[in-house]
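In: I would like to see how this sequence folds:
(2 chains, ligands or ions: 1)
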Amino acid sequence: MIENFDMSLVDWSRAQFALTAMYHWIFVPLTLGLAFIIAIMETIYVKTGNPEWKKITKFWMTLFGINFAIGVATGIILEFEFGTNWSNYSWFVGDIFGAPLAVEGIMAFFMESTFIAVMFFGWNKVSKKFHLISTWLVAVGSNLSALWILVANGWMQNPVGMKFNPDTARNEMVNFWDVLFSPTAINKFLHTISSAYTLAAVFVIGVSAWYLLKKLNVTVAKKSIVVAAVFGLITSLFTVMTGDNSAREIVRDQPMKFAAMEGLYDGSKGAGLVAIGVMSSSSESGNDNMMDFHFKLEIPNLLSYMAYMDGDAFVAGVNDVINGYTDNDGVIHPPVATKIEMGRKAIHALKNYKQAQKDKNDALAQSSLNELNENFKYFGYGYFDDPYNIVPPISITFYSFHIMVGLGMWFLLLFTLALLFVYKESIVSKKWFLRSAIWNIPLAYVASQSGWIVAEMGRQPWVIQDLMPTLTAVSNIDTTSVQITFFLFLIVFTGLLIAEIKIMLKQIKLGPNHGGH
Amino acid sequence: MKLLLSLKKIWMFYYEGFAGQKSWSRQVWLIIILKLFIMFFVLKLFFFPNFLKTKYTNDKDRGDYVIEQLTNPKK
Ligand code: HEM
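Out: Numbers count the residues shown, from 1 in each chain, chains lettered A, B, ... in the order given. From the prediction side, this is the model:
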């Protein structure tokens, strides 16, 4: 059936969505994290009454304001794309993107127009306490406004709490709490926000390091580094923890993604974790997606431990998922060929059900419905011919995962060193450290974007795990129009990014003594 | 009367806030307005119609169309 799809349309729609989502994600994490760092700084100001902390708070608030303003509403473009380019998908998911997302949007609007206004316009006009509460509310509110979209993303990776209605072709929510508290959604939310805090902490340390190198605003820079390093150390530990929990969830619900993240082709008991690995350009299996390793450094048993908290547990590789296996919890995963068979039955049953309804043939409608329900779990597999069609791009998933985790470990070291050098009062003389801290700003963005690449490339070919492949999700529209909007977005977003960097650099050069905002 | 006074206070709060902005603030407002204009009056209006809403007038037809797409995909 795969030959019935216009792959150029699918690829351009994906490229467009990836472009806009990744650009959108350049602005979001700094907003989420800096809001809390500012709130902590202002709390210190209110507690100590020291005007230096007010100056510090106002300075970082200015950078927050620039980033917020440039990034605000860029996410709405993704919603435009859902309606135009991904209409089959938008229709099929039904409730999940409906009311909660709208409520969240309205809440965010009111929060932003009230409390952000107090944050920026309220100095010396409202009481110190009220100002501080507003700053905290902006921090909490902006983070909460990321909740539902991440819950929706979690549902796509692990579709629980909903039921497909064949009469409307939509999924309907059966249990709101199952959707909200699905472990995938919870881990995703916590990992996303904590990684955003880590990114913001790296940003604050990097900018402060530049001041120290230039011997400008030394007190402000040192104080900012202390707050950011403590905050970053705590949040990056939390990032590692939540990332680890995500991985444990993935091994159960998306074992193919897990195998791709680790470049594990054949599973084993007591599997080792590849700490560093380089893929070669040859493949023993003859499958271009499953390249051999040129070199790899493995930590024995750690992958099994990471997956099941048991160093001897069996972890499935790509070939096991294809051929079927029983996992360490005793759950049987049928071979993909069986799932394809079941998927085809489900698609066929849905077609028959609709036809039977038209013909008013109740008996056939009922038996088709039964068949659909029996096989619906693997509905999406029915579109594929070859079991290896369900393997995601392995090398990109593998490298993105390892870059993210490697950088996560490196940031832990960065925060620890920053604290140590400030404590020993030697940070100003550690030029190598200060220079590397500046370079860590782009690296934090690389880690964050890599995270999304793992999550989204690693789950291919699915938009909704096992139910809807990406190729059936797109609208049947003209590829040229998708190409045009791809380039339009490229121009608009690049313009926004250049504006952000220019205005921010100018404010950083002006520094905190310029009076903030 | 009290309500009017509070409304006036709120109005003055925003008015003074906007009037006293620094140059970066004015620049980003310009960018926000330009961005919203491009998004809603160019992109949404000319490039991003809601596919199913423009194609069909009711949900039944939309559902039937999606089922047709899912069970009988054609290039
Ligand atoms: C150091 C240990 C880390 C581990 C074990 C880890 C693990 C993971 C895993 C397994 C995913 C995929 C989740 C999914 O597919 O649903 C993920 C996604 C992600 N990671 Fe990490 N990560 C780590 C560090 C970081 C760091 C340092 C950042 C950024 C500063 C980061 C940012 C992200 C983001 C933005 C996502 C996408 C959202 C999500 O799916 O949760 N991660 N991470």
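In: What residues does the residue of chain A found nearest chain B make contact with?
Out: For chain A, the residue closest to chain B is A:Phe121, as judged by Cβ to the nearest Cβ, at 2.8 Å. C-betas here are computed from N, CA, C, even on glycine. Applying Cβ atoms under 8 Å, 6 or more residues apart in numbering or on different chains to A:Phe121 gives the contacts B:Phe13, B:Tyr14, B:Glu16, B:Gly17, B:Phe18, B:Gly20.
In: Of the residues you listed, which is the most crowded?
Out: When neighbours are taken as other Cβ atoms under 10 Å in any protein chain shown, the top entry among those is B:Gly17 (18 neighbours).
In: With adjacent residues omitted, what lies nearest to that residue?
Out: A:Phe121 (2.8 Å; Cβ to Cβ, 6 or more residues apart in numbering or on different chains).
In: Could you measure from that neighbour over to A:Thr198?
Out: Going from A:Phe121 to A:Thr198 by Cβ to Cβ, to the nearest Å gives 30 Å.
In: now swap in B:Phe48 and tell me
Out: 34 Å.
In: So which of the two has more stuff around it?
Out: Using other Cβ under 10 Å, the more surrounded residue of B:Phe48 and A:Thr198 is A:Thr198, with 31 against 21.
In: Report the buried residues of the helix or strand hosting that one.
Out: A:Thr198 is part of helix A:183-214, with elements assigned from DSSP states H and E. By neighbour count with 16 or more other Cβ atoms under 10 Å in any protein chain shown, helix A:183-214 contains the buried residues A:183-212.
In: One more: stretch B:45-56?
Out: B:Phe48, B:Phe51, B:Leu52.
In: got the residues of the stretch 301-450 of chain A near the ligand?
Out: The stretch 301-450 of chain A comes close to the ligand at residues A:Met404, A:Val405, A:Leu407, A:Gly408, A:Met409, A:Phe411, A:Ala444, A:Ala447, A:Ser448, as judged by Cβ under 6 Å from any ligand atom.
In: how does it look with 5 Å?
Out: Contacts of the stretch 301-450 of chain A with the ligand, taken as Cβ under 5 Å from any ligand atom, map to A:Met404, A:Val405, A:Gly408, A:Ala447, A:Ser448.
In: which stretches of chain A form strands?
Out: Remark: strands assigned in chain A by DSSP state E are A:162-165, A:170-173, A:268-269, A:273-279, A:293-299, A:314-315, A:325-326, A:332-333, A:462-464, A:468-469.
In: any chance of the ones you listed in CSV, with distance to A:Lys509 too?
Out: Formatted as CSV, those follow (distance: least, Cβ to Cβ, whole Å):
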stretch, distance to A:Lys509
strand A:162-165, 51
strand A:170-173, 51
strand A:268-269, 55
strand A:273-279, 39
strand A:293-299, 43
strand A:314-315, 51
strand A:325-326, 58
strand A:332-333, 57
strand A:462-464, 44
strand A:468-469, 49
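In: Would you format those as JSON lines with mean neighbour count, mean pLDDT and distance to A:Val28 included?
Out: Listed next are the strands of chain A as JSON lines, based on neighbours: other Cβ atoms under 10 Å in any protein chain shown; pLDDT from 0 to 100; distance: least, Cβ to Cβ, whole Å:
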{"stretch": "strand A:162-165", "mean neighbour count": "16", "mean pLDDT": "90", "distance to A:Val28": "26"}
{"stretch": "strand A:170-173", "mean neighbour count": "18", "mean pLDDT": "89", "distance to A:Val28": "26"}
{"stretch": "strand A:268-269", "mean neighbour count": "14", "mean pLDDT": "92", "distance to A:Val28": "39"}
{"stretch": "strand A:273-279", "mean neighbour count": "16", "mean pLDDT": "91", "distance to A:Val28": "30"}
{"stretch": "strand A:293-299", "mean neighbour count": "12", "mean pLDDT": "90", "distance to A:Val28": "33"}
{"stretch": "strand A:314-315", "mean neighbour count": "22", "mean pLDDT": "95", "distance to A:Val28": "33"}
{"stretch": "strand A:325-326", "mean neighbour count": "16", "mean pLDDT": "94", "distance to A:Val28": "38"}
{"stretch": "strand A:332-333", "mean neighbour count": "12", "mean pLDDT": "94", "distance to A:Val28": "35"}
{"stretch": "strand A:462-464", "mean neighbour count": "24", "mean pLDDT": "96", "distance to A:Val28": "21"}
{"stretch": "strand A:468-469", "mean neighbour count": "24", "mean pLDDT": "96", "distance to A:Val28": "26"}
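In: out of the ones you listed, which comes closest to B:Arg26?
Out: Closest of the strands of chain A to B:Arg26 is strand A:462-464, at 41.6 Å (criterion: Cβ to Cβ).
In: on contacts alone, who are the packing partners of the closest one?
Out: Contacts defined by 3 or more Cβ pairs under 8 Å, 6 or more residues apart in numbering or on different chains; DSSP states H and E place strand A:462-464 against helix A:87-93, helix A:147-157, strand A:468-469, helix A:470-473.
In: so, in contact with chain B or not, the first one?
Out: Spelled out, it's helix A:87-93. Yes: judged by Cβ under 8 Å from any Cβ of the partner chain, helix A:87-93 and chain B are in contact via A:Ser87, A:Asn88, A:Ser90, A:Trp91, A:Phe92.
In: so does the helix holding A:Thr198 get close to chain B?
Out: No: Helix A:183-214 lies apart from chain B when judged by Cβ under 8 Å from any Cβ; the minimum separation is 15.4 Å.
In: got the angle for that helix vs helix A:147-157?
Out: For helix A:183-214 against helix A:147-157, the angle by axes from the mean of the first three to the mean of the last three Cα atoms, to 10 degrees is 120 degrees.
In: what about helix A:183-214, average pLDDT?
Out: For helix A:183-214, mean pLDDT is 97.
In: centre of the chain versus it, how much separation?
Out: How far helix A:183-214 lies from its chain's middle: 14 Å, per Cα atoms, centre = their mean, to the nearest Å.
In: quick one: that helix near the ligand?
Out: Yes: interface with the ligand: helix A:183-214 contributes A:Lys188, A:His191, A:Thr192, A:Ser195, A:Thr198, A:Leu199 (Cβ under 5 Å from any ligand atom).
In: how about JSON lines for these, with distance to A:Ile66 added?
Out: Below are the residues of helix A:183-214 next to the ligand laid out as JSON lines (distance: Cβ to Cβ, whole Å):
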{"residue": "A:Lys188", "distance to A:Ile66": "28"}
{"residue": "A:His191", "distance to A:Ile66": "26"}
{"residue": "A:Thr192", "distance to A:Ile66": "22"}
{"residue": "A:Ser195", "distance to A:Ile66": "21"}
{"residue": "A:Thr198", "distance to A:Ile66": "21"}
{"residue": "A:Leu199", "distance to A:Ile66": "16"}
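In: if you skip the residues just before and after it, what's nearest to A:Asn175?
Out: Using Cβ to Cβ, 6+ apart, the closest residue to A:Asn175 is A:Gly161 (4.4 Å).
In: That neighbour contacts A:Asn171, doesn't it?
Out: No: counting by Cβ atoms under 8 Å, no contact exists between A:Gly161 and A:Asn171, whose distance comes to 9.5 Å.
In: I'd like to know which elements the longest helix along chain B is packed against.
Out: In chain B, taking DSSP state H as the definition, the longest helix is helix B:2-19. Judged by 3+ Cβ pairs under 8 Å, 6+ apart, the packing partners of helix B:2-19 are helix A:117-121.
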